[in-house]
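J.: Sequence first, then the predicted structure:
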Amino acid sequence: MADVNLKFLGGAREVGRSAILLGIEEKQLLLDYGVSIEGEEPQFPLPVPPKRLDAVAVSHAHLDHSGAVPLLYVSRSIPFISTPLTATLSDLLIRDFMKLSKYYIPYEIVEVEKMLDNLVSLNYGEYFEVNDISIKMIDAGHIPGSSMIQIESPSLNILYTGDYSLHDTCLLRGANPNDISKADLIIMESTYAEYNHPPREEAEKAFINTVLEVVGNGGIAFVPVFAIGRAQEILCVLAKYDIDVPIYVDGMARAANDLIMENLDLLREPKLFQKAVEKSIKVRDWDHRKKILSGPGIVISPAGMLQGGPSEFYMEKIMENSRNAVIFVSYVIPETPARQVIETGIYASPTKRGPVKARIEWFDFSAHCGHDELVKTLSLAKKDAKVVLVHGEEESALKLAELSRKLGKETYVPKIGEELKIAL
């Protein structure tokens, strides 16, 4: 029997800024430390004194899990645990976040570099030990390099899922369900607790049909994407179906592709990704951007929410021609230009506002578990395993908690700032 102490600094009854302080065997571990980019300015998690921490473990590179980590290195050095690819991709995203943010970011490049200087690089299946506690990274199937984090002591096993997926995609294998059945305590995401994603093949074919219709009519199929994960997935889908039209890749997705090419062993079909990258054309500069808009063709570019990056330029240029299309393939964050386009048909950027005459489409290429996969996770868990639900909107998380309790699981849906002591 052992007590586990948890404090929720972010990501509780909300999606974004994941941050969980875990106390076990007199050690303090921080699981993720992210920033939310919803709304007008970034929202950081609740503060934690770095002197209290023995280590920080980051599940994956997306900013809502990694974006606040440099804050921990303003005054102290602590182990920064992640996979090698998560570390390099986090560096890429955080630097871009600092460059593009219109608001004050409470750290500088020196803290980002200090974070990397303290990297404890773990490949999948490798351990890092803090006295009697071992920390292991397990493939989460979410984006390249993403991990579920297993924390083991002599008396218990804790699994933090981070963002994860049990289904295969063109890019990645799904997470191994067997790892779930070993945990005494599961801290799991609940992002899509009320929603099932459509079958992947169905989403792929609908997307491909739309792209072919648009370019067949002489238009530009503009796909605003997250630079890491979704950009590579869409490239693989286009390669899988042998789409033979110009495919342009712009913005930070270009650098992300290069980093992921150095880690092909993490992918489901390395040769498909190689083919996808080889078929695509890197956008070189502003003159190149202007030339490719003569079309037809496919443009894949961050930012997925049409905030910053080259996507603002492309949207302004393609929006007034009905032959073109803007095709969303990611979760569309509320209060962003992308969400406004989908809900109202109006696009607004710092330099342009007006109705979108181009075709507007959205396809579900989520790399999160849907409802049935979350329920499967609960059913695979030990009969007496305890469950903590995070990274989900309040109503969705509470409904999933009801199902979890019906399966006999002691289940918690914490609030921001709440502290839990769980006996295991």
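T.: Done, it's in. Quick caveat, the model's predicted, so the values are computed rather than measured.
J.: And the pLDDT for the residue positioned nearest the centre of the chain?
T.: Relative to the mean C-alpha position of the chain, the nearest C-alpha, by Cα atoms, centre = their mean, is the one of residue 62, at 4.5 Å. pLDDT for residue 62: 96.
J.: Could you do residue 3 as well?
T.: 86.
J.: Name the residues linked to it by a beta bridge.
T.: residue 423 (DSSP bridges).
J.: Okay, it and residue 23: tell me how far apart.
T.: Between residue 3 and residue 23 the distance is 8 Å, computed by Cβ to Cβ, to the nearest Å. Using the backbone N, CA and C atoms, a C-beta is placed for each residue, glycine as well.
J.: Compare these two (neighbour count), which wins?
T.: Neighbour count, other Cβ atoms under 10 Å: between residue 3 and residue 23, residue 23 has more, with 17 against 12.
J.: give the contact list for the closest residue to the more buried one other than its chain neighbours.
T.: Counting by Cβ to Cβ, 6 or more residues apart in numbering, residue 5 is the residue found nearest to residue 23 once chain neighbours are left out, at 3.5 Å. Residues near residue 5 by Cβ atoms under 8 Å, 6 or more residues apart in numbering: 22, 23, 24, 419, 420, 421, 422.
J.: Give me the three-state assignment for residue 5.
T.: Using DSSP: H, G, I helix; E, B strand; the rest coil, the structure places residue 5 in strand.
J.: from the contacts of residue 5, which ones fall inside strands?
T.: 22, 23, 24, 419, 420, 421, 422 (DSSP state E).
J.: show me what contacts the nearest residue to the fifth one once chain neighbours are set aside?
T.: Nearest non-adjacent residue to residue 420, counting by Cβ to Cβ, 6+ apart: residue 6, 4.6 Å away. Contact criterion Cβ under 8 Å, 6+ apart gives 20, 21, 22, 23, 187, 388, 414, 419, 420, 421, 422 as the residues in contact with residue 6.
J.: hmm, 10 Å instead?
T.: Residues near residue 6 by Cβ atoms under 10 Å, 6 or more residues apart in numbering: 12, 20-24, 31, 158, 185, 187, 388, 390, 412, 414, 418-422.
J.: Buried among those? Need that as a selection in ChimeraX.
T.: Listed next is the ChimeraX selection for buried residues among the contacts of residue 6, using 16 or more other Cβ atoms under 10 Å:
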select :12,20,21,22,23,24,31,158,185,187,388,390,412,414,422
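J.: Touching stretch 107-116 from outside, list them.
T.: So stretch 107-116 is contacted by 56, 58, 66-78, 80, 82, 87-88, 90-91, 94-95, 98, 105 (Cβ under 10 Å, 6+ apart).
J.: And it, what's buried?
T.: So, applying 16+ other Cβ under 10 Å, buried residues of stretch 107-116: 107, 111, 112, 114, 115.
J.: Now residue 152, what are its backbone angles?
T.: phi -120, psi 140 (degrees, to the nearest 10).
J.: ok, what's across the strand from it?
T.: Here residue 152, judged by DSSP bridges, has bridge partners residue 134, residue 157.
J.: was I right about it contacting residue 179?
T.: No - the pair residue 152 and residue 179 fails to qualify as a contact (Cβ atoms under 10 Å) at a distance of 11.8 Å.
J.: ok, which stretches of the stretch 101-250 of the chain are strands?
T.: For the stretch 101-250 of the chain, applying DSSP state E, counting those that start in this stretch gives strands covering 119-121, 127-130, 133-139, 147-152, 157-160, 185-189, 220-224, 247-249.
J.: Give the rounded mean pLDDT of the fourth one.
T.: This points to strand 147-152. Per-residue scores along strand 147-152 average to 97.
J.: do the fifth one as well
T.: Per-residue pLDDT over strand 157-160 has a mean of 97.
J.: hey, C-alpha coordinates of it in CSV?
T.: Output of strand 157-160 as CSV, limited to C-alpha atoms (Å, rounded to 0.1, in the frame of the first residue of the first chain):
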residue,chain,number,x,y,z
ASN,A,157,2.6,1.1,-11.4
ILE,A,158,1.2,4.4,-12.7
LEU,A,159,0.5,5.1,-16.4
TYR,A,160,0.0,8.6,-17.7
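J.: That strand - contacts with which helices or strands?
T.: Contacts defined by 3 or more Cβ pairs under 10 Å, 6 or more residues apart in numbering; DSSP states H and E place strand 157-160 against strand 19-24, strand 27-33, strand 133-139, strand 147-152, strand 185-189, strand 386-390.
J.: Report the angle between the fifth one and strand 27-33.
T.: For strand 185-189 and strand 27-33, the angle between their directions (axes from the mean of the first three to the mean of the last three Cα atoms, to 10 degrees) works out to 20 degrees.
J.: Neighbouring strands of strand 185-189 in the sheet, and parallel or not?
T.: Strand 185-189 is paired, per DSSP bridges, with strand 157-160 (parallel), strand 386-390 (parallel).
J.: quick one, what contacts the closest residue in space to residue 55 that isn't next to it in sequence?
T.: Computed as Cβ to Cβ, 6+ apart, the closest residue to residue 55 that is not its neighbour in sequence is residue 79, at 4.2 Å. Residues in contact with residue 79 (Cβ under 10 Å, 6+ apart) are 29, 53, 54, 55, 56, 57, 118, 119, 120, 128, 130, 135.
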